[in-house]
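Trainee: One predicted model, sequence on top.
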Amino acid sequence: MVPAGARGPLPHPDGLGRVLDALLERGYRHLFVSNVDNLGAVPDPRLAAWFAASGAGYAAEVCPRTAMDRKGGHLVRRRADGRLLLRDTAQTASEDMGHATDGERHPWVHTNSLWLDLPRLRELLLTHDGALPLPLIRNTKTVDPTDPTSTPVVQVESAMGGAVALFDDAVAVGVGRDRFVPVKGTDELLLLRSDVYEVGAGTGYRLLAGVDPLPVVSLDPEHYRFVHDLDARFPDGAPSLREAVSLQVRGDWTFGAQVVVRGRVRLDDRGGARRVPDGTVLEGSAGPGPGGTGPGGTGPGGTGPEEAP
């Protein structure tokens, strides 16, 4: 596994070459690489057998895009030579971001789960003097990620997914959402903590989604950006989301225990800290529309969202 969105399996080219040589000497032929924050990325014997039989040097797993895949990249084909390229959102101009994240135009999101032929990878390393020529990605951050006013810095990185352009026979394979369970932010972490997911019986690790499609969660980044923000506003755990279509929260809301979300629910910013009492059922629209603004919901004694004391 590799860090989320980061560079290849090992940062030092000599180290990578030595590892590849050791694997090849032991008879290994294929390598599976995935992001550490993709909790659905597990070795699959069916995919391994397919990749081995394909004869390809490189395969990328792609899956159907959802509204929560705002940062997901996608594969495109280069007109000059027909090779596949990874188009990452971090490499996309702001004026093109709307098109790049359009689920109708690009319905398949790149999971960054990769299958590689080790002899071919070793050959590429030798061709390029021990370092793959991967595209550079520029990310603007702050020295202290929890403090947006701290010194701004530029982080330069490369993604192993960008190696797709180095293989003339690279292919993509469509997989289900069960193989793509990313946790890149608190929106996805809340979904993971809810009753939407459960651990598969007898596996001890494989996550199973109890609903399809998954609810879309969007939390106000001003109040829920970091894990400690999420923990403070959901002190009794995540609400039930099995009957939800979407949950959009704007403003500073703290959720009580045993809250249930149904349909499309949106809590608006009403100024100041607010609270959703224990046992509240937040009811929204069930159709494809935007949902109600600040639904009242019902709970013990008919209470709805209220201002925190």
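Mentor: Yes, it's here.
Trainee: quick one: the helices in the stretch 51-200 of the chain?
Mentor: 97-100, 118-127, 186-193 (DSSP state H, counting those that start in this stretch).
Trainee: Kindly compare burial across those and name the winner.
Mentor: helix 186-193 (a mean of 20; mean count of other C-beta atoms under 10 Å). Any C-beta I mention is one placed from the backbone N, CA and C, and that applies to glycine too.
Trainee: List of residues touching that one?
Mentor: 39, 68, 181-183, 197, 207, 214-215, 217-219, 224-227, 229-230, 234, 237-238, 241 (C-beta atoms under 8 Å, 6 or more residues apart in numbering).
Trainee: so how far is it from its chain's centroid?
Mentor: Mean-position distance between helix 186-193 and its chain equals 11 Å (C-alpha atoms, centre = their mean, to the nearest Å).
Trainee: For it, list the C-alpha coordinates in PDB.
Mentor: The C-alpha atoms that make up helix 186-193 are tabulated as PDB, following Å, rounded to 0.1, in the frame of the first residue of the first chain:
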ATOM      1  CA  THR A 186     -14.800  13.600   7.500                       C
ATOM      2  CA  ASP A 187     -17.700  13.300   5.000                       C
ATOM      3  CA  GLU A 188     -16.600   9.800   4.200                       C
ATOM      4  CA  LEU A 189     -15.500   9.000   7.700                       C
ATOM      5  CA  LEU A 190     -19.000   9.700   9.000                       C
ATOM      6  CA  LEU A 191     -20.500   7.500   6.400                       C
ATOM      7  CA  LEU A 192     -18.100   4.700   7.300                       C
ATOM      8  CA  ARG A 193     -18.900   5.100  11.000                       C
END
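Trainee: average pLDDT across it?
Mentor: Here helix 186-193 scores 95 as its mean pLDDT.
Trainee: ok, back up a step: show only the entries of the contacts of helix 186-193 found in helices.
Mentor: With DSSP state H as the criterion, helices contain 224, 227, 229, 230 from among these.
Trainee: If you rank those residues by neighbours, which is first?
Mentor: Of all the ones in helices among the contacts of helix 186-193, the highest neighbour tally under other C-beta atoms under 10 Å goes to residue 224, namely 23 neighbours.
Trainee: what's the weakest-modelled helix or strand in the chain?
Mentor: Least confident helix or strand of the chain, by mean pLDDT, DSSP states H and E, is strand 292-293 with a mean of 48.
Trainee: Let's have the helices of the stretch 51-200 of the chain in JSON lines, adding distance to residue 169.
Mentor: Below are these laid out as JSON lines (distance: least, C-beta to C-beta, whole Å):
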{"stretch": "helix 97-100", "distance to residue 169": "26"}
{"stretch": "helix 118-127", "distance to residue 169": "9"}
{"stretch": "helix 186-193", "distance to residue 169": "33"}
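Trainee: Of all these, which one comes closest to residue 264?
Mentor: Of all the helices of the stretch 51-200 of the chain, it is helix 186-193 that lies closest to residue 264, at 15.1 Å by C-beta to C-beta.
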